[in-house]
Structures are given as structure tokens and as C-alpha cells.
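Engineer: Next one to model:
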Amino acid sequence: MHIRATARTGASQSDVMEALLHVAVYAGVPRANHAIKLAKATYREMEEAP
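Structural biologist: Next up, the predicted model:
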């Protein structure tokens with residue numbers, strides 16, 4: 001939900017990925033890696049959607 005919303009804020013995909021890397025410090029690397037994986041999948045879905 002939040003990844004899709006960033007498309008309307010002007011944040012680029014690399015901006016979002018960088019923010020998720022910062023999450024690793026607070027939430028741990030495994031959780032950050034999972035968030036990045038979900039974000040990439042969501043971006044792929046958004047590119048494929050008409």
C-alpha cells in the first residue's frame with residue numbers, strides 16, 4: 001500500500017530503496033531485506049499494470 005502511494009509523492013524507486021536500507025538499522029537486516037523484496041515485487045506489478 002505505501003509503495004504504491006509513493007508513486008504520487010515524487011519519490012523515486014531508488015529513494016524508497018535507500019530508505020528501506022536505513023530500516024535495517026532499526027528493524028534488523030532480515031526484516032529490511034524482506035521489505036526490499038516486497039517493494040521490488042510491488043514495483044514490478046505496478047510496471048505491468050495497464
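
Engineer: going forward, measure contacts and count neighbours with C-alpha atoms only.
Structural biologist: Noted.

Engineer: Spatially central residue for this structure, please.
Structural biologist: Geometric centre of the chain, nearest residue: residue 39, 3.6 Å, by Cα atoms, centre = their mean.

Engineer: how about the strands of this protein, start to end?
Structural biologist: Counting by DSSP state E, one finds no strands in the chain.

Engineer: What's the biggest helix in it, counting residues?
Structural biologist: helix 29-48 (DSSP state H).

Engineer: For that one, what is the distance to the chain centroid?
Structural biologist: Here helix 29-48 is found 5 Å from its chain centre; the criterion is Cα atoms, centre = their mean, to the nearest Å.

Engineer: in it, what counts as buried?
Structural biologist: For helix 29-48, a neighbour-count test (16 or more other Cα atoms under 10 Å) marks 32, 35, 36, 39 as buried.

Engineer: between those, which is nearest residue 22?
Structural biologist: residue 32 (8.3 Å; Cα to Cα).

Engineer: pretty sure that closest one contacts residue 18?
Structural biologist: No - Residue 32 is not in contact with residue 18 according to Cα atoms under 8 Å; the separation is 10.7 Å.
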